[in-house]
Every structure is written in C-alpha cells, then in structure tokens.
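Peer 1: everything below, folded, please.
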Amino acid sequence: MGGAPKRVVVVGGGVSGLVTAYRLIQTSNGTPIDVTVVEASRSAGGKLRTSEVAGIPVEEGADSFVVRKPWAIDLCRELGLGEELVAPAPGRAYVWARGGLRRYPEPSAFGVPASVEELLRWPGLSRGGRVRAATDLLRPRRKDEGDESIEALATRRMGPEAARVLIGPLLAGIHAGDAAHLGVAATFPELRRWEAAYGSLIRGARAAAKAAREREDSGPLFATVWTGLSRLVQVLTRALGAGRIRTGELVEGIERRGPGWAVRAGAGTLQSDAVVLATPAFESSRLLRLAAPEAAAELTGIPYASTAVVLLVYPPATAERLPPGSGFIVPPAATDSGGPGPTAITASTWVSSKWPREEHAGRAVIRCYLGRFGDDETALERPDRDLAAAAARDIESASPLGCEPEATKVVRWPRSMPQYEVGHLDRLARIDGALAPLPGLFLVGSAYRGVGVADCVRQAGEAAERVRAFLAAPESTPPRPADPGVTGDGADLEQEAIT
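Peer 2: So this is what the prediction gives:
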C-alpha cells in the first residue's frame, strides 16, 4: 500500500466532473490519487446555478432531482445537506391543447393515461383522437426489438394526435428535443417494457401509476436543496479543496505521453495517469481529434439543442391568480391544436406554487423555457428584453395575470441539451470500442446515459470506480466499460441542462 500517488485530471467542473473528483479522493483502495479539476469558465458548477431576481432566489438551470433515483439525494445527505432537503408542493401539470390549458389525465404516467374512462373524457384530444388512443388496448405488440423514436412508438400505439399532444411534448421536453428523433431505448425504455410486458401503454401506465402512489405514501418524488442547488456545488468544491480546482483554464488538447497522458491547459501541461473528460460531447470531440479520431467523430454526431430560461417576477397578489398546479407544457406548433396560444415558450414552471417561499410575498414567480431541437436558434439570439416580453405574452395568453412582470431575467444556455437520438446506445457502444485501446481515458456527463442531476451523479460515481480499478490494476488489464444499458430511464419532468 502507499507509494507515489496516481494523478488524474478531470476536464470539466460541472456536477459530473466535481462528483467524479470527489469520489476519487474519498477512497483510493490503497492507491493514493491526486486529482485536479480543470474548468474553462470562471466558476465550477456548470448548469447548477442559483441567482436572485427581485430579492427572490431562483434556479437558472435544473430546480430539483428525482428521489426514486437515490444518487443525488444520497450525495446531499453525505455532504451534510440532509436538513436542507425539501420537496415541492403537490400540484399537477398542464398541457396547452385545443385552445386552453388542460390538466394531464389523472392518473397518468409519462403522459399516458392510466384509465380508459379518463382518456375518453379528456378534453385535450378530439373525439376521434380519444377513440384512436384507446385502441392501444387492442393493438398487437411490436415484434421488432430495434430502437425507435418516441413519436413512432406513441403514434403506433395511440395515434398521431395523442403522440403530438399528450406524450411527445412531455417526454421530448426534458431534452428540449424533437419526439420524432429521440430514441426510446436511451430516453424512456419504460415504454418499451410496458408494451412487452403488458401489450399496451395504457396498462403499463396503470401499473406505473399504482407504483407511484405507493412511493408517494413513503415520501416525495422530487427534492431540492432549500438554499439552492448552487449550495450543493459550494459544498462539493469545499470538500474537494480549492487547490484541486483550476477555473478559467481552457484545455487545448490531450495526448498520450509515455504510459500516461499530457493535458495542455491555459497555465501549462499537466501530466496524468488518467484523464476524465466531463465535458459536452462536442468539447470532448475537440479534445480527442488527434488521440482518438474515431471516438471524436462519433461524439460529434451527438447533437445539442440551445435553450434559454426566462425568469419572471410579478407584483404582489398575483400568485393566487395562477391555476392550481406546477406549470404547463406547450406542444410544437401549439396553434394547430385549437386556437392561438403560447408561441415562444416550450414550457413554464409556476415557481411560487411549486416551491413556495416567504420571499415570494404573494408574487407570482414563473420560469419559462424557450428553444427546442430543430427550432430556428436565431430566435434565441434576440435581445433579453425581446425574449422576456415574448415569454410574458405567452404567460398572459395561457394563464392571464392581468399585469406585466415587475422584474425579469434571461439566462441563455447555448448547446446545452444533448439529444439521445434513435440508435444512441449503439453510438455509445462504438465510442467505448474506439476508446478501448487508449487506457486511462474516460468519458462522463449528460451526453451519455442520463441528463438529470441524479443520473449525472450516478455516472460520476461509476466513472470514479472505473478510474480507481484502472489505476490499481496491472497495466495489461483494460478498464471495465460503462454499462450500455443504463440510461436516463425516465428523467425529471423538468427541463434540465446538466454537464
């Protein structure tokens, strides 16, 4: 035991990179590990960022994590944040359909109604659309085991209208994506399992809704840190120690040097035994162009969507004017579903309802999301005042408050949302194969096997295990590849942008 410490460089200081580094320094299994995190921006944390608007703390990126995926909540408790964990106020979500806000059918799971009776009464679909959706109970199982898009599966089972209004917007919205391109295998494999096990999405949703009710009896489905997710970043960086994190340094490239790696960064070259790239896929592609050109080409093929978050704070006595619930989703081309409505935003969270605080003082606090894959991204390049005005107009058209917001803030997230397109898991297998001959090189982050906070924490822990195993093993022993079957598996129903 003991000896000279092994050196690991983690490129990227988002939650994936920070947790990977933290896990590496926790225990070395007899192999001392010296970790350095290199982050291009001026501060660590990536898309976990809390700010204030009109004196009210608000999240600029993700606002919570899924409790049934225990990795994030376990990390918070491990770091001493257990007393700061809170659950959202109960409330249902809406979708803009047929000219108005319609509450999602209850019960439902992933937008799929669990009750045929409720489906046939739901006013968000035309009569023909409701009848077509109900035929899901009669349709044969799909025999082809290959991947397919969310839209293809939902249309095949429940018809184009249900796919466009009920299922597609909810599931694709998590990735700010297009349901016609996102693959089921990497995003919501539950849908495939429902069809295989129950022969019907409706029956599968019924079983999932029952399980969800049982989970609600034992605790909340979502949680966050009361003081903001930036608090998680602060505690993580403190646990790592300031000397291990170098911010404001762009990594220019990596290359093999002897048995290890050389990482060329702003302040010089770092020698390491292993490198973890916790960067977006396109950045990892840039860094691997010379060392692993085949992997770099595959990484370039993972597309991204650009998004923006508009935070709106309204005057006092406006919170009570919001409908009861947590927010709403806007399908693409919403004006096709019954009348004029929101045209700029893709979704909205009623923060003052979902996460009530004394600081709200009766004011409606709303987060709006703009941008989805395939849209004209030049729309997001408009000035902040134009984006804020467009979001406020959409809020007024969907859930009128009768006044203008008293404070606004626009947060832009360029190329922030990776798209798990059809065949994504096959692409990951090819990337793993291309990296196999390069010992000591690892990838982690939201581009691969889950975009939510909990999924990124899980992936980071798995990456740290692989790095430790590599450093402790004989030189001839290859690192264990990531499990290609582990994906997001049903992420939070909140748009998230995590790296």
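
Peer 1: only C-alpha atoms for contact and neighbour calcs from this point on.
Peer 2: Will do.

Peer 1: check which helix or strand covers the nearest residue in space to Phe328 that is not next to it in sequence.
Peer 2: Leaving out its chain neighbours, the residue that sits closest to Phe328 by Cα to Cα, 6 or more residues apart in numbering is Tyr94, at 4.3 Å. Element membership of Tyr94, judged by DSSP states H and E, is strand 93-97.

Peer 1: if we can go back for a sec, contact partners for the residue nearest to Phe328?
Peer 2: 101-104, 325, 327-329 (Cα atoms under 8 Å, 6 or more residues apart in numbering).

Peer 1: number of nearby residues for Met417?
Peer 2: Neighbourhood size, Met417 [other Cα atoms under 10 Å]: 27.

Peer 1: and it, helix, strand or coil?
Peer 2: For Met417, the reduced secondary structure class is strand; criterion used: DSSP: H, G, I helix; E, B strand; the rest coil.

Peer 1: heads up, I number from 24, so please use that
Peer 2: Got it, first residue is 24 now, which makes that one Met440.

Peer 1: hang on, the earlier thing: tell me the two of the contacts of Tyr117 that are most distant?
Peer 2: The span of the contacts of Tyr117, defined through Cα to Cα, is set by Gly348 and Ile352 at 12.1 Å.

Peer 1: shared neighbours of the two, anything?
Peer 2: If you check Gly348 and Ile352 against Cα under 8 Å, 6+ apart, the residues they both contact are 116-117.

Peer 1: more neighbours, those two?
Peer 2: Neighbour totals were compared for Gly348 and Ile352, and Ile352 leads with 27 against 17 (other Cα under 10 Å).

Peer 1: could you pull up the residues touching the more buried one?
Peer 2: Contacts were defined as Cα under 8 Å, 6+ apart; by that measure Ile352 touches 116-119, 192-193, 196, 369-371.

Peer 1: now flag whichever of these is closest to Thr292.
Peer 2: Distances from Thr292 to the contacts of Ile352, taken by Cα to Cα, are shortest for Gly196, at 40.5 Å.

Peer 1: show the model's pLDDT score for the closest one.
Peer 2: For Gly196, the pLDDT comes out at 93.

Peer 1: ok, Thr500 next?
Peer 2: Here the pLDDT value assigned to Thr500 is 50.

Peer 1: Gly425 too?
Peer 2: According to the model's per-residue confidence, Gly425 sits at a pLDDT of 97.

Peer 1: low-confidence stretches in the stretch 24-173 of the chain?
Peer 2: Regions of the stretch 24-173 of the chain meeting the criterion pLDDT under 70 cover residues 24-26, 51-53.

Peer 1: so which residues of it form helices?
Peer 2: Secondary structure of the stretch 24-173 of the chain, counting by DSSP state H, counting those that start in this stretch: helices at 38-49, 94-101, 139-144, 150-157, 173-181.

Peer 1: out of those helices, nearest to Ser307?
Peer 2: For these, proximity to Ser307 was assessed by Cα to Cα; helix 38-49 is nearest, at 12.9 Å.

Peer 1: tell me which residues in the closest one are buried?
Peer 2: Of the residues in helix 38-49, those scored as buried under the neighbour-count criterion (16 or more other Cα atoms under 10 Å) are 38-47.

Peer 1: what do you get for stretch 136-151?
Peer 2: With the criterion 16+ other Cα under 10 Å, stretch 136-151 contains buried residues 136-139, 142-143, 145-149.

Peer 1: in those residues, find the pair that's most separated.
Peer 2: The distance between the two most remote of those (Cα to Cα) is 18.3 Å, for Ala137 and Ser149.

Peer 1: determine the three-state secondary structure at Pro346.
Peer 2: Secondary structure assignment for Pro346 (three-state DSSP): coil.

Peer 1: separation between it and Gly276?
Peer 2: 51 Å (Cα to Cα, to the nearest Å).

Peer 1: just Pro130 next, same as before
Peer 2: From Pro130 over to Gly276 (counting by Cα to Cα), the distance is 51 Å.

Peer 1: same deal with Ala496?
Peer 2: Ala496 is 26 Å from Gly276, by Cα to Cα.

Peer 1: the two: who's more crowded?
Peer 2: A count of neighbours by other Cα under 10 Å puts Gly276 above the other of Ala496 and Gly276, at 17 against 12.

Peer 1: please list all residues in contact with the residue lying closest to that one once chain neighbours are set aside.
Peer 2: Leaving aside its chain neighbours, Gly276 sits nearest to Leu310 (4.9 Å; criterion: Cα to Cα, 6+ apart). Leu310 makes contact with 274-277, 319 under the criterion Cα under 8 Å, 6+ apart.

Peer 1: again, but for Ser87
Peer 2: In this structure, Ser87 makes contact with 245-248, 252, 476, judged by Cα under 8 Å, 6+ apart.

Peer 1: quick check: Ala412 is in a strand.
Peer 2: No: with three-state DSSP as the criterion, Ala412 is assigned helix and is not in a strand.

Peer 1: give the contact list for Gly394.
Peer 2: Residues counted as contacts of Gly394 (Cα under 8 Å, 6+ apart) are 199, 328-331, 368-369, 400, 403.

Peer 1: how about 10 Å then?
Peer 2: Gly394 is in contact with 196, 199-200, 328-332, 367-370, 400-403, 435-437, counting by Cα atoms under 10 Å, 6 or more residues apart in numbering.

Peer 1: returning to what we had before: and which of the contacts of Tyr117 is nearest Ala175?
Peer 2: When those are compared for distance to Ala175, the smallest value, 20.2 Å, is given by Ile352; criterion: Cα to Cα.

Peer 1: who does that closest one bridge with?
Peer 2: Going by DSSP bridges, Ile352 is paired in beta bridges with Val118, Ala370.

Peer 1: cool, Ala430 as well?
Peer 2: Where Ala430 sits in a bridge, its partners, by DSSP bridges, are Val336.

Peer 1: okay, it: pLDDT?
Peer 2: Checking the pLDDT column for Ala430, the value is 98.
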